[in-house]
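Chemist: No sequence on hand, only this structure:
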């Protein structure tokens, strides 16, 4: 939206994930912002500890250009949970004379020493709360592992949980598992070119190249269960031989090397010839 038609007062709403209750919370935030008179709302579905939030970074650019006069959020922690990053945004807004206001607590005062101290305390508390939540989740996962339970809320496509007494095991789904096998075969025929295979395979749970990569790198497909996730592709600990694999270990290294080569040589495009 150009600066000539962009409202002087805009809203910002954020939730951490796309889970059902989180999306409901996002809609609640948007509804409250609209009730407060905000017409244009920027939204992110991203952790508050992330500094790569697209909508928030767009707002920072608008602040820097003085294209807006005020940003409205429902609560202070919606701005983020990284104290240093949020502090920097508040300083920028102060320098550019952009007001940041929360519906719950009013205008965030960064002009006076006392006001800036209060905002610093708020961002530090939000960051501490986020870290404490991560610690509680980790402890809960460790306890589930000690109890012999599968510490995963979301099972990768092709598998499902089956209960045996007081414990659960992962098994290949009788229907979706066969579809997953066919998709792996199609990937192999296409030289593990994800983009091309997605176009040919049709409608199924993996809609994007990034989703395919997360799925195929998941150790569950090789019969293991990952604990303490580092990023989309790695875990600090993997326990192998827990269930029937869709991908054999001896095949995985070929798949991994081929996909890494494709990324370097082709990227996301299926039309550019590799040099």
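Modeler: Okay, I see it. For clarity, every value in this text was computed on a predicted model and none was experimentally measured.
Chemist: For the stretch 51-200 of the chain, just list every one of the strands.
Modeler: When assigned using DSSP state E, counting those that start in this stretch, the strands of the stretch 51-200 of the chain occupy the ranges 70-73, 99-102, 106-107, 159-164, 167-172.
Chemist: Give me the sheet partners of the last one and which way each runs.
Modeler: When you say that, I think you mean strand 167-172. Strand 167-172 pairs in its sheet with strand 159-164 (antiparallel), by DSSP bridges.
Chemist: Could you list the residues in contact with the strand it pairs with?
Modeler: Outside strand 159-164, the residues within contact range by Cβ atoms under 8 Å, 6 or more residues apart in numbering are 150, 155, 168, 169, 170, 171, 172, 173, 176, 177, 220, 243. For the C-beta atoms, the positions are set from N, CA and C on the backbone; glycine is no exception.
Chemist: cutoff 7 Å now
Modeler: The contact list for strand 159-164, computed with Cβ atoms under 7 Å, 6 or more residues apart in numbering, reads 150, 155, 168, 169, 170, 171, 172, 173, 220.
Chemist: hmm, back to that, can you redo the strands of the stretch 51-200 of the chain as JSON lines with distance to residue 7?
Modeler: JSON lines is the format used below for the strands of the stretch 51-200 of the chain (distance: least, Cβ to Cβ, whole Å):
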{"stretch": "strand 70-73", "distance to residue 7": "9"}
{"stretch": "strand 99-102", "distance to residue 7": "14"}
{"stretch": "strand 106-107", "distance to residue 7": "18"}
{"stretch": "strand 159-164", "distance to residue 7": "47"}
{"stretch": "strand 167-172", "distance to residue 7": "50"}
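Chemist: So which of the ones you listed is nearest residue 205?
Modeler: With distances scored as Cβ to Cβ, the stretch of the strands of the stretch 51-200 of the chain nearest to residue 205 is strand 159-164 (11.9 Å).
Chemist: Would you indicate which residues of the closest one are buried?
Modeler: Of the residues in strand 159-164, those buried by neighbour count under the rule 16 or more other Cβ atoms under 10 Å are 159, 160.
Chemist: can you tell me the average pLDDT over it?
Modeler: Averaging the model's pLDDT scores along strand 159-164 yields 87.
Chemist: what about the helices in this structure?
Modeler: With DSSP state H as the definition, the chain shows helices at residue ranges 20-35, 54-64, 83-95, 113-146, 176-189, 194-201, 209-217, 249-265.
Chemist: Give me the mean pLDDT for the fourth one.
Modeler: The average pLDDT for helix 113-146 rounds to 60.
Chemist: And for the shortest one?
Modeler: Confidence for helix 194-201, expressed as mean pLDDT, is 86.
Chemist: buried sites along it?
Modeler: When burial is assessed from 16+ other Cβ under 10 Å, helix 194-201 yields the following buried residues: 194, 195, 196, 197, 198, 201.
Chemist: which helices and strands does that helix pack with?
Modeler: Using 3 or more Cβ pairs under 7 Å, 6 or more residues apart in numbering; DSSP states H and E, the elements in contact with helix 194-201 are helix 176-189, helix 209-217.
Chemist: I'd like to know which of those is closest to residue 69.
Modeler: Going by Cβ to Cβ, the one of the helices and strands packed on helix 194-201 nearest residue 69 is helix 209-217, 36.8 Å.
Chemist: ok, residue 96 - contacts?
Modeler: Under the criterion of Cβ under 7 Å, 6+ apart, the contact partners of residue 96 comprise 63, 64, 66.
Chemist: Relative to residue 207, how far out is the second one?
Modeler: This points to residue 64. In this view, residue 64 and residue 207 are 34 Å apart by Cβ to Cβ, to the nearest Å.
Chemist: for the last one, same thing?
Modeler: In this view, residue 66 and residue 207 are 39 Å apart by Cβ to Cβ.
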